[in-house]
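Asks: Give me a 3D structure for the following:
(one chain, ligands or ions: 1)
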Amino acid sequence: MSKYDELFDEVTAEESLFREKGALDPLAEPDGIHARDAQEHELASLLAGVHEGYVPPTVSIYGPPGTGKTLSTRRVCREFASRTDAVAVEYVNLKECRTLFSAANEILFELTGEKRGAYVGLDGVFEEIWTALEGYPEWTILILDEIDHVQYDSNYEPSDFFYRLLRGEGKLKRGIDLSVWLVSNELLEVDLRLDSRVESAMSDESVFFPPYRPGELASILKPRLERAFREGAVSEAAFEYGVREAARRWGDARKALTLFRQAGETASERDLETVTRECIDVNLEATDREATVSKLHDLPANHFLVLTAVTGWDQGGKIKQPVTTAETLSMLESETYPDELDLGERAVQGVLTDLETMGLVETWIDSRGREGRVKQIETTFEPQWVRDTMVHYVEESTYLGTDTEE
Ligand SMILES: Nc1ncnc2c1ncn2[C@@H]1O[C@H](COP(=O)(O)OP(=O)(O)OP(=O)(O)O)[C@@H](O)[C@H]1O
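Replies: Predicted coordinates for the structure are as follows:
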């Protein structure tokens, strides 16, 4: 027996608890959509407007992470389009787009398979989008996912982008019927601080996806766990406990799937015959950490920078929390940070507001007698995770890339 026979024997569980672990991959397309009947109904009603000659120019689809927004929107639109010749649906994920120009380019790419260089400008890209859409069926539903990511552009205002998308001359001239469905965590008008000319071009149609309640999470997880695990591998008590905790903490189906996958792995490592409640407990924090760390990786550089300052002070061998705005600013001005990263007080305040909206920090005002009122800032998660993420962030972040293609 070679070294590798032994190695592979060692890592292959004799009788694995899993039958098909991939069924717990949140990216795997589930067979059915559960517990979102009301939202699917709302989306279908909006689409049915095609038969009456009106679909709102924009629809805001919003709610916290992992609540089935992308899944339900894509599925309902796809099913509708496959039954209606007059409708085409295009889906574009803008997560990786650092600039509004690259967001427009991404849309163009979806429509034509090609991108344009920065020299054509935002107007040039939009002109080509309208040319492409001329050849489309009467109605086009354009789903823009993770649209909240485009707000961090320093060259264009989100309003410029949306104004072109909704009121662009090329579109009006060609009489293109476009309905833009914006998928995000927050209600966009508020989040993107759009100006009034854009707001008036947007319809106030919105579909909200609330966090899942325990019974809803149970109906989503049950068929996935049945496929993923051998029969009886997850005790009823562990299932109920995991579902209850996942609903109480997050209401997020993606995190709940990850929780059960990790709990299964813990049970295997411990040679247990079933996934127990303790296996769930061990992984509740790990799941939180994994989700937060991935959020941290996706942050724009300024946002990550401010978080390193919020978690930059030590006190009694621990990271000091909460800190004041003054402490955050003075950390950013200290020699630990190169001069070119100096953001200035106003920008830091803006970033802190964004971080609060994203649920990464909490702030409140303390009254300190003669010192007056002081703003306190605290991370909503273990502050050490920011420090743990730092090296990886610098190496991997798309926001710190140096490419100038866009
Ligand atoms: N109602 C549901 N029925 C079945 N599976 C679901 C449901 N909701 C979520 N899921 C599972 O969770 C995954 C994540 O859901 P989805 O991508 O739709 O969330 P989202 O609300 O768009 O999240 P985010 O805001 O983070 O993009 C899906 O790919 C699917 O595997």
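Asks: For Glu285, list the residues it contacts.
Replies: Shown in contact with Glu285 (Cβ atoms under 8 Å, 6 or more residues apart in numbering): no residues. C-beta coordinates here come from the backbone N, C-alpha and C atoms, glycine included.
Asks: run the last query once more with 10 Å
Replies: When contacts are counted by Cβ atoms under 10 Å, 6 or more residues apart in numbering, Glu285 touches Phe381, Glu382.
Asks: Tell me if I am right that it is in a helix.
Replies: Yes - counting by DSSP: H, G, I helix; E, B strand; the rest coil, Glu285 is part of a helix.
Asks: Read off the pLDDT value for it.
Replies: At Glu285, the model reports a pLDDT of 87.
Asks: Quick one: the strands in the stretch 151-300 of the chain, in order.
Replies: For the stretch 151-300 of the chain, applying DSSP state E, counting those that start in this stretch gives strands covering 177-184, 206-208.
Asks: pLDDT on the first one, on average?
Replies: The predicted model gives strand 177-184 an average pLDDT of 94.
Asks: Repeat that for stretch 38-53.
Replies: 97.
Asks: What of stretch 187-198?
Replies: For stretch 187-198, mean pLDDT rounds to 73.
Asks: out of the strands of the stretch 151-300 of the chain, nearest to the ligand?
Replies: Taking Cβ to the nearest ligand atom, strand 177-184 is the member of the strands of the stretch 151-300 of the chain nearest to the ligand, at 6.3 Å.
Asks: Distance from the chain centre to the closest one, please.
Replies: Distance, stretch centre to chain centre, for strand 177-184: 17 Å (Cα atoms, centre = their mean, to the nearest Å).
Asks: which intervals of the protein have sub-threshold pLDDT?
Replies: 13-14, 151-154, 188-192, 398-406 (pLDDT under 70).
Asks: Which positions in it make contact with the ligand?
Replies: With Cβ under 6 Å from any ligand atom as the criterion, the chain meets the ligand at residues 26, 30, 33-36, 65-71, 185, 209, 220, 253-254.
Asks: ok, back up a step: right, so of the strands of the stretch 151-300 of the chain, which gets closest to Glu371?
Replies: strand 177-184 (39.0 Å; Cβ to Cβ).
Asks: Can you pull the domain assignment for the chain?
Replies: Domain ranges of the chain: 14-24+212-296, 37-208, 299-400, per automatic domain parsing.
Asks: which stretches of the stretch 301-406 of the chain form strands?
Replies: 314-315, 318-319, 323-324, 361-367, 373-379.
Asks: any chance you could map the helices in the stretch 151-300 of the chain?
Replies: 158-167, 169-174, 188-191, 196-201, 214-228, 236-249, 253-269, 277-297 (DSSP state H, counting those that start in this stretch).
Asks: Tell me how many other residues crowd the closest residue to Asp31 other than its chain neighbours.
Replies: Leaving aside its sequence neighbours, Asp31 sits nearest to Pro223 (Cβ to Cβ, 6 or more residues apart in numbering; 6.8 Å). When neighbours are counted by other Cβ atoms under 10 Å, Pro223 registers 14.
Asks: Ok, Tyr241 next?
Replies: Neighbourhood size, Tyr241 [other Cβ under 10 Å]: 18.
Asks: List the residues that contact Glu146.
Replies: Thr70, Val92, Asn93, Leu94, Lys95, Glu96, Cys97, Leu182, Val183, Ser184, Asn185, Asp298.
Asks: Can you get me a residue count around the last one?
Replies: Read that as Asp298. 18.
Asks: List the residues that contact it.
Replies: Taking Cβ under 10 Å, 6+ apart, one finds Lys95, Glu96, Glu146, His149, Phe304, Met358, Tyr393, Ser397, Thr398, Tyr399 in contact with Asp298.
Asks: and the gap between the closest residue to the fifth one other than its chain neighbours and the ligand?
Replies: It stands for Phe304. Spatial nearest neighbour of Phe304, excluding adjacent residues (Cβ to Cβ, 6+ apart): Tyr393 at 5.7 Å. For Tyr393, the distance to the ligand (Cβ to the nearest ligand atom, to the nearest Å) stands at 20 Å.
Asks: Trp385 is in contact with Tyr393, correct?
Replies: No - judged on Cβ atoms under 10 Å, Tyr393 makes no contact with Trp385 at a distance of 11.2 Å.
Asks: Show me the common contact partners of these two, please.
Replies: Common neighbours of Tyr393 and Trp385 are listed as Val293, Leu296, Leu307 (criterion: Cβ under 10 Å, 6+ apart).
Asks: neighbour-wise, which of Tyr393 and Trp385 wins?
Replies: Tyr393 (22 against 18).
Asks: Tell me which other helices or strands whatever helix or strand Leu108 lives in touches.
Replies: Using DSSP states H and E, Leu108 maps to helix 100-112. In terms of contacts (3 or more Cβ pairs under 10 Å, 6 or more residues apart in numbering; DSSP states H and E), helix 100-112 is packed against strand 87-93, helix 121-134, strand 139-145, helix 158-167.
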